[in-house]
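Visitor: Build me a model from this:
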Amino acid sequence: GGEAEQVGIGMRLTNDPPFSVVSLVPGGAAALSGDIRAKDVMLEIDGVDLSAKNIQEVRRLMLGPPQSTIAVKLLRGGATLDLQLTRQRLQASTRAGASHS
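Guide: Residues are numbered from 1 along each chain as shown. Coordinates of the predicted model:
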């Protein structure tokens with residue numbers, strides 16, 4: 001124990017570059033922002049170019065303390081978008097059977 005909590009922004013990405021968004025986790029920062037969609041390609045996280053990274057490195061870059069800001073650059077249909085999201089815990093559903101497979 002004793003480690004600072006690390007939270008992400010609630011995105012599932014492809015395992016190989018270019019890293020594109022497979023799905024958004026309901027209640028996660030990416031979904032709540034309304035600015036990120038499936039098939040968006042992740043170019044940078046906090047100014048770090050992802051083209052030479054592996055998925056473990058990308059996941060690490062996405063994690064940070066709750067309420068910290070993450071800057072994301074993504075590609076959608078030939079246009080690049082620069083977004084600022086706030087990392088946060090997933091708003092966990094209390095419904096039974098809501099486990100993620």
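Visitor: So which bits of stretch 19-35 are buried?
Guide: Applying a neighbour-count criterion of 16 or more other Cβ atoms under 10 Å, the buried positions in stretch 19-35 are 19-21, 24-25, 28-33. Backbone N, C-alpha and C define where each C-beta goes, glycine included.
Visitor: residues touching the spatially closest residue to Pro17 that is not a sequence neighbour, list them.
Guide: Computed as Cβ to Cβ, 6 or more residues apart in numbering, the closest residue to Pro17 that is not its neighbour in sequence is Ser51, at 6.1 Å. With contacts taken as Cβ atoms under 8 Å, 6 or more residues apart in numbering, Ser51 has the following neighbours: 17-18, 43.
Visitor: again, but for Val41
Guide: The contact partners of Val41, by Cβ under 8 Å, 6+ apart, come to 18-21, 74-76.
Visitor: And the furthest pair within those residues?
Guide: Comparing all pairs in the contacts of Val41 by Cβ to Cβ, the longest separation belongs to Phe19 and Arg76, at 13.6 Å.
Visitor: Please work out the average pLDDT along the longest helix seen in the chain.
Guide: Ranked by residue count under DSSP state H, the longest helix found in the chain is helix 55-62. Confidence for helix 55-62, expressed as mean pLDDT, is 97.
Visitor: tell me which strands and helices that helix is in contact with?
Guide: Counting contacts by 3 or more Cβ pairs under 8 Å, 6 or more residues apart in numbering; DSSP states H and E, helix 55-62 packs against strand 11-13, strand 41-45.
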